[in-house]
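Colleague: Provided below are the primary sequence and the corresponding predicted coordinates.
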Amino acid sequence: MSATTAGTGATRKTNHDRMPMIVASLLVGVPLLLFIVYPLAFILGRSFSTPEGFGFDNYLSMLTTSRFQGILYNSFEVTLVSTAFAVIMAYAFAYAVQRTLMPGKNVLRIVALIPLFAPSLVQAQGLVLLFGRNGLINRTFGTDIDIYGYWGIVISMVLYVFPYAFLILSTALAVTDSRLYESAKMLGAGPWRTFRTVTLPSTKYGLAASVFVCFTLVITDFGNPMVIGANYNVLATEVYNQVIGQANFERGTVIGMVLLVPAAVAAILEKYISRRQYSLVSDQSRPLVIVPDRVRDLAFAGISAFIALMILSIVAVVIFASFVHLWPYNMTMSLRHYAFDVQNGIEPLWNSIYISLMAAGLGVVVVTASAYVIEKFKSPVTRPLYFLSILPAAVPGMVLGLGYILAFNNPSNPVYLIYGTLIIIAIANVYYYHAQGFLIASTSMKQISGTFDEASATLGGTRVQTLRKVTLPLIAPTLIGVAVFFFMRSMVTLSAVIFLITPQTQVAAVSVLLLEDRGATNQAAAFSVCIMATVVGFLLLVRLLLRLAGIKNVSLIR
């Protein structure tokens, strides 16, 4: 009798522990399936949809044309060249910041991150203002520089992805073991050989990560090619042209699936390589002390100053154009463009702010829940949930946005209730950037020892109480950084929302594109300046609130 009672008690305890795990897994897994897998399934299905039923006709008619093959070649040519230039420049800049004693490092570090505060197409916008047909350089010096097309896309893309590569490589170069350099010096290695045999190998994983991040960002971006590409078409612009220009969803989905493949391969390779990374710093390591070297410091100061000048020139000319009466014919200063006497007025900017605030709040809840369930509820569904959580890293924003149109623009779908509202755009932003936010939250949660959970359980605390009183307070600084991340990205993103906007839900980044497309240069510049000012203002406000609250060690730029 006692054995039976004990067995029943054990079963009840097992069921009691299993139920919260099942509920929590469903609460995390169902939204991931609904807002990521479900739209992608619709794109895949639509790409095979033909008048005769399902088949490969769409792929055959598209992939076998010389025009598409040319666009495919253009995309890879631009992507590979832009990635190479961006990574090389970012490595030199990061090396200058972390491994030299050049002056002004803190200022240069801030300048390197400026493109993060602006829509991706600001780089192309600035290049057109400087070197376009009516550009400042061409009109001032009588030159005939043709910036449109291939080189315009490459230069704008390099400047667009540069800060992402710089952040990764700066982290890779920040910490090292001085004993390696001492050994190289004792063996008679000079500066160049030491760099090749010590520095470069120690940063190979950072290099790999920066290459894959830049590759994915370039091949999926369409803002810069739309503004400065002219007749040089790439895959991302072709998706937009097929869906918006010709309402040909079948061809759009085919190109979307083609665009998905290289982005997915790059993400998978990056994860595979990063798993093989080993620690270069142990408890016996000694930090590297940078010694003065006048020639080295001046050389890297010159390189860094040149890169910083390019970034500042782009931003400065956009700001300047926003205050010019009529570019380039009447260059007197004026505030008329900040009256926003264009269609929808200033409403797109407010829409962007509302969407970004919603994305920040919802994003923190979603990624924290995912990280908590995956880290604390170990079960057979943990691995599938982890895969779903990082899947968006391999999905281009335009592909996800197109999937939302096909999946949710149907009155029979419950999500249709929020389709065409600011909420669906905020959700799209959350799940587009879900992988990055999740990895940040998950990494922070892994640093919390399991003894906290054990101590709480011993004292009779439930999982909810432990989460509320122990886990969340410990990772609060990280969650604030995640919220800022979602806000920043939602303010400047373009590709993920371009298919979801309506005249009532227009956002500021899309307004820049549309105004630029119809030649309203000054108004487009004013909107870009407002976006940058909003992001910077939000960062400063959060930093001020954190200082008043006495919270430190919060990274607001990730």
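Modeller: Looks like it came in fine. Residues are numbered from 1 along each chain as shown.
Colleague: excluding its backbone neighbours, what's nearest V154?
Modeller: Nearest non-adjacent residue to V154, counting by Cβ to Cβ, 6 or more residues apart in numbering: S82, 5.1 Å away. For the C-beta atoms, the positions are set from N, CA and C on the backbone; glycine is no exception.
Colleague: residues touching that neighbour, list them.
Modeller: Contacts of S82 were listed using Cβ atoms under 8 Å, 6 or more residues apart in numbering, and they are I153, V154, M157, V158, V161, C214, V218.
Colleague: tell me the mean pLDDT for the longest helix anywhere in the chain?
Modeller: Across the chain, the longest stretch assigned as helix under DSSP state H is helix 66-99. Helix 66-99 carries an average pLDDT of 95.
Colleague: just to revisit the earlier point, can you give me the separation between the residue nearest to V154 and Y386?
Modeller: Distance from S82 to Y386, counting by Cβ to Cβ, to the nearest Å: 31 Å.
Colleague: hang on, the earlier thing: tell me the buried residues in the longest helix of the chain?
Modeller: Neighbour counts over helix 66-99 (16 or more other Cβ atoms under 10 Å) mark 68, 71-72, 74-75, 78-79, 81-83, 85-87, 89-99 as buried.
Colleague: and D144, how many neighbours?
Modeller: D144 has 7 neighbours, counted by other Cβ atoms under 10 Å.
Colleague: If you rank every helix and strand of the protein by mean pLDDT, what lands last?
Modeller: Lowest mean confidence among the helices and strands of the chain (mean pLDDT, DSSP states H and E): helix 451-458, at a mean of 64.
Colleague: Kindly state the pLDDT recorded for L26?
Modeller: On pLDDT, L26 comes in at 88.
Colleague: burial count for it?
Modeller: Neighbours of L26 (other Cβ under 10 Å): 12.
Colleague: contacting residues for it?
Modeller: Contacts of L26 by Cβ under 8 Å, 6+ apart: none found.
Colleague: Look at the nearest residue to Y432 once chain neighbours are set aside and tell me its secondary structure.
Modeller: With Cβ to Cβ, 6+ apart as the criterion, Y432 has its nearest non-adjacent residue at 4.3 Å, and that residue is A496. Following DSSP: H, G, I helix; E, B strand; the rest coil, we place A496 in the coil state.
Colleague: go on, M331?
Modeller: strand.
Colleague: shouldn't it be in contact with A321?
Modeller: No. In this structure, M331 is not within contact of A321 by Cβ atoms under 8 Å, at 9.5 Å.
Colleague: So for the two, which residue has more residues nearby?
Modeller: A321 (26 against 15).
Colleague: The nearest residue to the more buried one once chain neighbours are set aside: what's it in contact with?
Modeller: Using Cβ to Cβ, 6+ apart and skipping residues adjacent in sequence, the residue nearest A321 is A525, 4.0 Å away. By Cβ under 8 Å, 6+ apart, the contact list for A525 reads Q125, L129, V318, I319, A321, S322, W327, H337.
Colleague: Return the set of buried residues in the helix or strand that contains L544.
Modeller: L544 is part of helix 521-549, with elements assigned from DSSP states H and E. Neighbour-count burial for helix 521-549, counted by 16+ other Cβ under 10 Å, picks out 521-532, 534-535, 538-539, 542, 546.
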